[in-house]
Every structure is written in structure tokens, then in C-alpha cells.
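*Asks:* Predicted model follows, preceded by the sequence.
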Amino acid sequence: MKIVVIGGTGLIGSVLVTKLREGGHEVTAASPSSGVDTITGAGLAEALEGANVVVDVANSPSFEDGPVLEFFQTSGRNLLAAEAAAGVGHHVALSIVGADLIPDSGYMRAKVAQEELIKSAKTPYTIVRAPQFFEFVGAIAEGGAAGDTVRLPPAPMQPIAAADVSAALAEIAVDQPANGTIELAGPEQIRQDDFVRQFLAAKQDTRQVVTDPDARYFGADVNDGSLVPAGPARVGATHFADWLTAKQTKDA
């Protein structure tokens, strides 16, 4: 099977490419550095020629409201048009759990816009919604940081290891299109403040995590249902405590 991974050199894409190649598939890791640009359209037709599946895990270089929406809409339109022309049989896209439940986040609105483009296109598809990656815990901490404190809401999350996301995408890519959405989740639910509290403790970071129900998540209001799967989800194997231990060992 010929599979093109858009964003194939990033955190998720690089591991996904390796897993698919290990499965015996012909895989192209497509990114601007390899001459494939979904914004300008450069190299797209050539990369997609003969492709059976396209997996889109590309991310916007800017998280500002206007640029991020423009990125996902322009990239999505160009990619889906090129797929239709090439006769691609399955479009897989990585999105975010709860994207439609956090409308005051420009990034989430952009991901919902991307999903709508996919649903309205002719290519059979599977949208894969993943929760926050373990690897983003540091950014979440800094998002709530002010001096010696980190102020975060107690909103429940079910974060997942990036490697588990790549593994799930590798299986989904070679399966039949769902023409719907599959949600992923980590093996345990944890409050956002406790998620960061455990991370800082493991790093011996002395900043105090303050639980604040009114604190915002990257500028957006969240509640008990915003950051967890809406229904049954495919569950990753890696526990946060094990990931933390492995990270500490690697960083030592």
C-alpha cells in the first residue's frame, strides 16, 4: 500500500512513517522540507500519484487565530483537491478531542473547520481525535505560569503518549475508512492541575500549582467535558507515571 504522511517529519509523523514502513508499506514523508507544501500546493500532485492513503498530521506554524484558521483551511482545500485528482481512497486526519466544545479557542475553531472540509469532500475519510499528548505537559504548565505559581483548572483530561497516537494512526491508516470520527485516550483520567503537578514534582520544579476553577486553558474556558472523549475511545497503552519515569531517565 502506498501511503503519504503529510507532516511526516514531526513528532507524530516521524514515528508513524517508521511504523508504516515496518509494516511493509511504501511511505512518503511529505513536508515543505521534502518539497511538498500543502499551502502553495507545490509538489502535492507528484507526492500523491498512485497513493492509496493520505494521513494528515501537519500542524500550523502559528497558533494565532487568523493564521491558524487560514493554515488549516488552505492546507485542507489544497490537499483534498489533490487527493480527488489522484484517486486517493482514504484520507486520515489527526484532530483534537473536544475541538467543537471549546469555541473561544481560535486553534480549536480552526480544527473544526478542517474537519468540516474533510466531511464535505469526496474522499472517504477517518478523523482521529486525540487528547493532549504527555509531551505537551510542559507547555500547559507554562500557559498557567505566573512567577512562582502555576494556576490551572481542575478540568479532567485523559492525555496520551505521542507514540501511542502514532501507533493508533498506523492501524487506522491501513483499515477501511470510517467516514466518521474515532477518538483516542490515554489509559487514565487525570485533572489538568494534577497532571502538571506530577510533572513539576518529577522535575523537582518548586513552583506551586494552584487549583483555580476559573483559570483558562490557553485563553479558553473549559469544563468537565471539554477535554475528555465524548464516548468510547481507543485507549493507549502508556501510563503517565511510566512516561514520566522514562523521560527523567532519558533527560538525566
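*Replies:* Thanks, I have it.
*Asks:* Helices of the stretch 151-252 of the chain, residue ranges please.
*Replies:* Here the stretch 151-252 of the chain has its helices, by DSSP state H, counting those that start in this stretch, at 162-173, 192-202, 240-251.
*Asks:* Buried deepest among the ones you listed, which one?
*Replies:* helix 162-173 (a mean of 21; mean count of other CB atoms under 10 Å). Quick note: C-beta positions are derived from backbone N, CA and C, even for glycine.
*Asks:* mean confidence for that one?
*Replies:* Mean per-residue pLDDT for helix 162-173: 98.
*Asks:* what's in contact with that helix?
*Replies:* Helix 162-173 has contacts (CB atoms under 8 Å, 6 or more residues apart in numbering) with 3, 11-13, 15-16, 19-20, 23, 53, 55, 57, 90, 92, 94, 126, 128, 130, 133-135, 178, 182, 184, 186, 234, 236-238.
*Asks:* Among those residues, which ones are in helices?
*Replies:* Residues of the contacts of helix 162-173 located in helices (DSSP state H): 11, 12, 13, 15, 16, 19, 20.
*Asks:* Chain neighbours aside, what residue packs nearest to the last one?
*Replies:* To tie it back to what came earlier, the one meant is residue 20. Using CB to CB, 6 or more residues apart in numbering and skipping residues adjacent in sequence, the residue nearest residue 20 is residue 27, 4.7 Å away.
*Asks:* The one you found: which element?
*Replies:* For residue 27, the host element (DSSP states H and E) is strand 26-30.
*Asks:* Report the angle between that strand and helix 162-173.
*Replies:* 130 degrees (axes from the mean of the first three to the mean of the last three CA atoms, to 10 degrees).
*Asks:* List the buried residues of strand 26-30.
*Replies:* For strand 26-30, burial by neighbour count (16 or more other CB atoms under 10 Å) applies to 27, 28, 29, 30.
*Asks:* Pick out whichever of those sits closest to residue 243.
*Replies:* residue 29 (24.8 Å; CB to CB).
*Asks:* ok, now which ones touch the closest one?
*Replies:* Applying CB under 8 Å, 6+ apart to residue 29 gives the contacts 5, 8, 9, 13, 14, 17.
*Asks:* quick one: it from residue 5, how far?
*Replies:* As judged by CB to CB, to the nearest Å, residue 29 and residue 5 stand 6 Å apart.
*Asks:* Kindly point out which residues are neighbours of both of the two.
*Replies:* Joint contacts of residue 29 and residue 5 (CB under 8 Å, 6+ apart) are 13, 17.
*Asks:* quick one: contacts for the residue lying closest to residue 58 once chain neighbours are set aside?
*Replies:* Closest residue in space to residue 58, ignoring its immediate chain neighbours: residue 7 at 3.3 Å, by CB to CB, 6+ apart. Neighbour list for residue 7: 13, 30, 31, 56, 57, 58, 59 [criterion: CB under 8 Å, 6+ apart].
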